[in-house]
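Asks: Below is the sequence, then the predicted model.
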Amino acid sequence: MTDATDLAERAGDRDPRVGLRAVAALRRLLEQLEAVQVRSARNQGWSWQEIAAELGVSRQAVHKKHGRQ
Amino acid sequence: MFERFTKDAREVVVGAVGHCERAGERTVGAEHLLLALLDRDTGRASTALAALGLAQRKASVREALDEARRRAGLSRADTDALAGLGIDVSEIVSRVEEAHGVGAMSGSRTDRGRRPGRRSFDRGAKDVLEGALRSAVGRRDGHISDEHILLSLTIRPGVAGEVLADHGVTYETVQGVL
């Protein structure tokens, strides 16, 4: 898709579309990374409290998002 | 909206939910709709895809979708945008896979067992179905059929549309064979 390549080339042009797309993509990447790391921590016996402390969020928040494991 | 779907279109939607469930994923996405379209060998979308030579290249499409799923479901436009920030998605994926196994970034939750209950449609899948409705209206078709889902997939930005375009399936080429 040449459109995508053009977008990437214009990344330095302060084109808001590229910047916003990058933010959205980064968020998606972050969500996946968080899921991987939380699952790994749970598999290694970490408590929700310990995981929440490392992530800098409340225990309830992390449990609500990643619970049911 | 669903009452205006033809039997073919409904089967595509049901097939997409099945793909989502088998993959152990939480929400039905545009990619599941494309996988469901690929499974079919009846209906106007299937005929159009065959006319575009896709009948023999289904494996290649499925492989490309798998590959994108491994990259956290990011499209090439997404990874290009991140590259603009100096973030190398394939580098991140390969490091995570080294530590956590192949497919770790794919978001599939098969290791938790099948999640019971209804799947919801994510933003992307809803956009595709709404686009199918607009496409039907635009073409003055009375019903939303499987070819409208296909047409909608080709114009929506994202992995499914990119993979289709890479295989020569675009809005224009589909319209040309319908």
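Replies: Everything's here; your move.
Asks: In space, what's closest to residue A:51 - neighbours in sequence excluded?
Replies: The spatial neighbour of residue A:51 that comes closest, neighbours along the chain excluded (C-beta to C-beta, 6 or more residues apart in numbering or on different chains), is residue A:41 at 5.1 Å. All C-beta spots, glycine's among them, are computed from the backbone N, C-alpha and C.
Asks: Which strand or helix spans the one you found?
Replies: Taking DSSP states H and E as the definition, residue A:41 sits inside helix A:16-43.
Asks: which helices and strands sit right next to that helix?
Replies: Applying 3 or more C-beta pairs under 8 Å, 6 or more residues apart in numbering or on different chains; DSSP states H and E, we find helix A:16-43 packed against helix A:2-9, helix A:48-55, helix A:59-66, helix B:76-83, helix B:89-100.
Asks: for that helix, which positions count as buried?
Replies: Of the residues in helix A:16-43, A:18, A:21-22, A:25-26, A:28-29, A:32, A:35-39, A:41 count as buried by neighbour count, 16 or more other C-beta atoms under 10 Å in any protein chain shown.
Asks: right, is stretch B:80-89 up against chain A?
Replies: Yes: applying C-beta under 8 Å from any C-beta of the partner chain, one finds stretch B:80-89 in contact with chain A at B:80-85, B:87, B:89.
Asks: how about those, which pair is most distant?
Replies: Across the residues of stretch B:80-89 next to chain A, no pair lies farther apart than B:84 and B:89, at 11.7 Å, counting by C-beta to C-beta.
Asks: sorry, back to before: can you state the direction angle for the helix holding residue A:41 and helix A:48-55?
Replies: 150 degrees (axes from the mean of the first three to the mean of the last three C-alpha atoms, to 10 degrees).
Asks: can you pull the buried residues of stretch B:92-100?
Replies: Applying a neighbour-count criterion of 16+ other C-beta under 10 Å, the buried positions in stretch B:92-100 are B:92-93, B:96-97.
Asks: can you tell me how far the residue nearest the centre of chain B sits from chain A?
Replies: Using C-alpha atoms, centre = their mean, the residue of chain B that lies closest to the mean C-alpha position is residue B:31, 1.9 Å off. Distance of residue B:31 to chain A, given as C-beta to the nearest C-beta, to the nearest Å: 14 Å.
Asks: Lovely, talk soon.
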